[in-house]
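Participant: got a structure for you, letters missing:
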């Protein structure tokens with residue numbers, strides 16, 4: 001399965017907040033032998049969120065969506081997910097109980113009596129309105145759950161909540177995928193070379209070595225490093241070593257200067 005990530009929020013696109021989800025999700029997946037297949041950033045635009053989810057629901061992808069599941073006017077993800085599937089929004093009873101428990105707990109800690117019928121508390125219950133058929137994703141931070149629809153998983157935008165919820169999903173629902181396809185990579189730094197000169201070698205490697213991907217990461221250099229290209233191969237460990245040897249032999253044939261990347 002391909003794993004995708006959707007990050008939602010005007011604050012990310014405007015630069016008011018710096019996204020932390022992308023690098024963390026890559027890290028969480030890598031720790032389980034998994035990798036991200038795609039990622040998209042969306043603003044708080046109901047029509048665009050709905051259209052994106054309608055497209056991704058039509059795939060078999062595992063999708064994590066961060067942000068927009070609150071109950072303020074700029075939160076649209078819960079409604080968009082329901083619209084994308086053509087399902088009604090319904091109050092999830094366990095989700096409601098979780099929120100009410102949280103309201104009571106916070107009031108008790110403040111030495112007050114909770115009024116569950118107060119307008120602000122009734123508004124909070126909207127965070128438990130999900131598309132019909134949704135299941136809950138537990139939130140260890142404040143017990144206000146996220147939700148799942150098939151292999152789409154919706155969590156808050158707050159990293160302190162989202163990251164343990166994503167880990168829970170990976171370990172609870174997709175443990176069978178962990179480390180199922182071991183992958184590794186080998187690379188060298190090719191000094192003062194043009195990518196165009198290396199392209200035929202890259203094409204030959206991908207053609208000759210099934211299951212291997214070749215990557216090329218150019219750098220213009222800086223005050224401490226000359227211009228170079230990190231050139232490498234990645235894929236199943238039993239194929240990478242042979243492909244890497246072939247890559248080095250090809251560079252030797254081109255009389256290229258290269259060295260291992262720094263540890």
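Facilitator: Alright, I've got the coordinates. None of these values were measured; they are calculated from a predicted model. Numbers count the residues shown, from 1 in each chain.

Participant: can you give me the strands for the stretch 101-250 of the chain?
Facilitator: 129-131, 135-137, 146-149, 152-155, 184-191, 213-219, 228-235 (DSSP state E, counting those that start in this stretch).

Participant: Tell me who's in contact with the closest residue to residue 219 other than its chain neighbours.
Facilitator: Leaving aside its sequence neighbours, residue 219 sits nearest to residue 228 (Cβ to Cβ, 6 or more residues apart in numbering; 5.5 Å). Any C-beta I mention is one placed from the backbone N, CA and C, and that applies to glycine too. Contact analysis of residue 228 by Cβ atoms under 8 Å, 6 or more residues apart in numbering lists 189, 190, 191, 192, 193, 218, 219, 221.

Participant: and the closest residue to residue 17 other than its chain neighbours, what element?
Facilitator: Ranked by Cβ to Cβ, 6+ apart and with sequence neighbours excluded, the top spatial neighbour of residue 17 is residue 11, at 4.2 Å. For residue 11, the enclosing helix or strand under DSSP states H and E is helix 10-14.

Participant: which outside residues touch that helix?
Facilitator: With Cβ under 8 Å, 6+ apart as the test, helix 10-14 has contacts from 17, 18, 19, 41, 43, 44, 67, 74.

Participant: Go again with 6 Å.
Facilitator: 17, 19, 43, 44 (Cβ atoms under 6 Å, 6 or more residues apart in numbering).

Participant: Can you tell me which of those residues is nearest residue 110?
Facilitator: Using Cβ to Cβ, residue 17 is the member of the contacts of helix 10-14 that lies nearest residue 110, at 28.4 Å.

Participant: State the number of residues packed around that closest one.
Facilitator: Residue 17 has 13 neighbours, counted by other Cβ atoms under 10 Å.

Participant: For it, give me phi and psi.
Facilitator: Main-chain torsions, residue 17, degrees, to the nearest 10: phi -130, psi 140.

Participant: what ranges do the helices span in the stretch 151-263 of the chain?
Facilitator: Ranges of helices in the stretch 151-263 of the chain, per DSSP state H, counting those that start in this stretch, are 159-173, 195-208, 237-253.
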